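S.K.: sequence and predicted structure below; questions after.
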Amino acid sequence: MFREELVQHSHREAERLQKRITRLKSLAVKYKRAELTQNLLLEISNLAAHVDSPRAFFSEVHRSLNLLLPADNFFVALLDPSSNKLNIPFFLDEKDPHPNKIYSIDEISETLLSGLTGYVIKSGDTLLCDNTTFEQLLAAKKVVSRGAPCHLWLGVPIKVNNLVLGVLVVQSYSPDITFSEMEIELLHFVSDQISGVLERLEHREQLEQLEQAIEQRTKELSLAYDKLKSEVFERRRAERLQKSLFEIADLATSNLDSDSFYSEIHRVISHLMPASNCYIALLNDKLTRIHFPFYVAQNNSTAPQPRASSDGLTEYVIKNRRPLLLQRADLDGLINAGIVYSKMPELDYTQDVYQWIGIPLFIHGQVRGALTIYSLCMSQSYQDKDLDLLTFVSQHIATAIEKKLSAESLKSSYEQLEEKVVVRTRALAMLNQDLEKEVAQRRKAEEQLVYDASHDSLTGLPNRGMFMERLTQAVKHIRRHGRDRFGLLFIDLDRFKLINDTLGHQQGDRFLVETSRRLRLCIRDNDTLGRIGGDEFVILLDSIKGTHDAKEVAERIFTELSRPYELANQSFTSGASIGIAFSCNHKSDTAESLLRDADAAMYQAKSKGKGCYVIFDDKSHRQLIKDVELEIELKHAISNRELHLSYLPIQNLKNLSTVALEPRLYWNHPLLGKVKQVQLNNIAEHCNLTTELDIYLLEKLNSDHQLLREQSLDHLPLHLNIAAKHLKHKHTVRQLKNKLKELIFPPEQLWLFFDEKGFILDTDNHINAFDILQRLKVNLGLTGYGSAHSALSSLTFLPLQGLKLDPSYTTHLNSEQHLKLLKAHYLTAQALELVVFVDGIGAIQQKETLLEIGFELGQGQALGKVIHLNSITKDLACA
């Protein structure tokens, strides 16, 4: 029994001893770890006190942390307060690459701010996040999953002055690695050290900036001090000069005798510069003799006696009429060259002179003498600034001498002086009159400039800018006074282009001036008539009672414009199309919208046959909407390949054989019926589809090639009217060139015609593009020739093979002027070896007239019907 108790007691003692040994071992490990932690923390603290850059500090911190806790996945994110962007100065991870290799700086910041890092920055609290916590944050939409999934994520905020400026992060991808309170406390310590480093570096940067500012300020103060010293010196010098000038002015009014007067002047000069050798020379009234009222010299030589004017240095200064500073070498050069002292060498006293200054004295408006200072040794030298100073003072000395001489001769010259005063006063009066005239002329010129800036130079009417300003004021007035109303008339003249083409621009200008005079007769004084384009006029009818007022004005305009015009000894009649719009007190109304409405109504009037007016209304607005819808439908028609080709024959006018074909697009619209090429071009111009329409035509030609072959028409030349927009840019020229290369037809069979008006507006681009297209061996020509009146010389430097005359020539063959122009065009084409085609032949008589002139090729309604390949007639005669 006792033995068993003894054994049990031994076992209990052994177990207790084993537990104490285990606890002692654990304590030893903790103490060792605590000692290691303490040493590393001291090392981190010392490093934080001496580190120069955060990046080097982060690298050492990671090395130290890796000895205390698993820190293979460790990074630091810092926030830039100015840009609110996150950057990563240090990053180390087992799975994820450095974000700098994947994202841009902005993308890195956005990625971090939306994840756990951003969550710590926003909350300002330490976060130990396992999978459960991460899923909860994701479900609450507080974070977004970023990077590879980890087992544990520990983030400690970095705070500076209670502001979160970054996050210190360690991660664990293994379940065997956990983070305890000790690791968290350790990271908090490191975070505090980072905060201190950031704050210290910021303070050091501020201190460096302050030191630089102090250094810069010191330099500025030093420069300011030097400048101030210079200013003080100059001010004292200026005070001395001012005092001297005052003294000279006092001498001019003093009653001193001549000797005392000149001695005082010498004393004043001596205060400004050394003047031990000085004299003043004066000429008599006839400028033939010279005397010396003052003379002083170091060698006590006597003053020169009065003498006849000769070739001495004094006379040299007087003759040159400008100040001179002469060195010894200059004096020798003048003497040796015989410029001075050649006539009277006995006057030469300059053998011992080192420097010599001569200043001409202007008395009574002319050089009547000279002030001279000279030095006899190098110790007394003069510089250019002394010359400038003495020149300035000499003006006052001359004035004083002038007053002195005037006072002495006042009695004898009083009558002459009074006469001079009268003459001078009269001259000043005349000068004032001239100035007044000049001021009046300048004021008139300025008023003319203002007038020209707001008025049309030809008619004197308000131009577009001034008219729009008045129209804008009228719109504002209507908004304030809802019961008032005004009308707007948009006038487009008929036959203006015909007058310009037949009679010339000078007669066209006379036509416009006369038209503006007639239009003024149709309106009141408070209405506004303006010219905003070539033949476009606008009228603002102020304060009208109803639409009938505008209608009456329109009728008066038709009456006035219907009266014949006498131009170039010929009688011409004209007319107009008028669009009318009224103010409706709508908030959306603007000057531009009302002018656009009147313009739209005017185009409707033109479409009705001209010589009428149309009032813009809801119907007009609906028409605009229809036009927009038609543009959209055209886009769909091009996309869906719904446009077709017809072929207009170009014929020989003698035997009516077909020598070429002009492909023309048309569109079978479900509501409008057949829409021809001209209308298609207008629609395309408004919706910027002209180039697409031409490309469509070229593609359609390839589709029709087989049908043309079946009808034996594939050999005929093709006349293609191409829009000038293809030539404006390199890419559009390249697109056209590529499409031409894709055509089945040989390039020699193709004629590309570009509108002459486009060539006038953009000559350089046409020339460059023509050179490119010529390399394809296609034929190039201008269509509508004669409508823009391009210079004949322009045809000489274009690679053209043909011209197609504007259709307006065939409609005015009864005009002698037109016949002369046609003959001139024919002779020009013959001289330049160009093929000429006449467009718009609508009658057999026109064909005969053209044959008489010499034209052989043409097209039009009188020369065969349009060819549709699906219904071609057998009567076509092919060349």
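M.R.: Now that the structure is in, tell me what you want to look at. Numbers count the residues shown, from 1 in each chain.
S.K.: what helices and strands are in contact with the lengthiest strand in the chain?
M.R.: Longest strand in the chain, counting residues (DSSP state E): strand 658-669. If contacts are counted by 3 or more CB pairs under 8 Å, 6 or more residues apart in numbering; DSSP states H and E, strand 658-669 sits against helix 618-639, strand 643-652, strand 673-675, helix 677-686, helix 690-710, strand 718-722. (Each C-beta comes from the backbone N, C-alpha and C, glycine too.)
S.K.: for these, which has the smallest mean pLDDT value?
M.R.: If you rank the helices and strands packed on strand 658-669 by mean pLDDT, helix 618-639 sits at the bottom with a mean of 77.
S.K.: my guess is residue 735 contacts residue 692. True?
M.R.: No: using CB atoms under 8 Å, residue 735 makes no contact with residue 692, being 10.2 Å away.
S.K.: now residue 128. Nearest residue, chain neighbours left out?
M.R.: Spatial nearest neighbour of residue 128, chain neighbours left out: residue 154 (5.2 Å); criterion: CB to CB, 6 or more residues apart in numbering.
S.K.: the one you found in helix, strand or coil?
M.R.: The assignment at residue 154 comes out as strand when based on DSSP: H, G, I helix; E, B strand; the rest coil.
S.K.: next: the one 10 residues further on.
M.R.: Secondary structure assignment for residue 164 (three-state DSSP): strand.
S.K.: dig out what it forms beta bridges with.
M.R.: Counting by DSSP bridges, residue 164 is bridged to residue 159.
S.K.: for burial, what's the neighbour tally of residue 520?
M.R.: Counted by other CB atoms under 10 Å, the residues lying close to residue 520 total 15.
S.K.: and the host helix or strand of it, what's buried?
M.R.: According to DSSP states H and E, residue 520 maps onto helix 505-521. Using 16 or more other CB atoms under 10 Å as the test for burial, helix 505-521 gives 507, 508, 510, 511, 512, 514, 515, 516, 518, 519.
S.K.: just the pLDDT for the fourth one.
M.R.: Spelled out, that is residue 511. At residue 511, the pLDDT value in this model is 91.
S.K.: can you check the last one too?
M.R.: On the pLDDT scale, residue 519 is placed at 94.
S.K.: what sits against it?
M.R.: 491, 529, 537, 539, 557, 560 (CB atoms under 8 Å, 6 or more residues apart in numbering).
S.K.: my read: residue 170 touches residue 154, true?
M.R.: Yes: if you go by CB under 8 Å, residue 170 and residue 154 touch, sitting 5.1 Å apart.
S.K.: now do the longest strand of the chain: distance to the chain's middle.
M.R.: Its chain's C-alpha centre lies 46 Å from the corresponding centre of strand 658-669 when counted by CA atoms, centre = their mean, to the nearest Å.
S.K.: quick check: angle from that strand to helix 677-686?
M.R.: Orientation check (axes from the mean of the first three to the mean of the last three CA atoms, to 10 degrees): strand 658-669 against helix 677-686 gives 60 degrees.
S.K.: can you pull the buried residues of strand 658-669?
M.R.: Here strand 658-669 shows 658, 659, 660, 661, 662, 663, 664, 665, 666, 667 as buried, counting by 16+ other CB under 10 Å.
S.K.: list just the nearest of these to residue 303.
M.R.: The closest of the buried residues of strand 658-669 to residue 303 turns out to be residue 662 (CB to CB; 107.7 Å).
S.K.: so that closest one sits against residue 650, correct?
M.R.: Yes: applying CB under 8 Å as the test, residue 662 and residue 650 come out as touching, 6.1 Å apart.
S.K.: need the residues touching each of those two.
M.R.: Residues touching both residue 662 and residue 650 by CB under 8 Å, 6+ apart: 719, 859.
S.K.: what about the stretch 701-850 of the chain, any weak spots by pLDDT?
M.R.: Applying pLDDT under 70 to the stretch 701-850 of the chain flags residues 760-762, 788-794.
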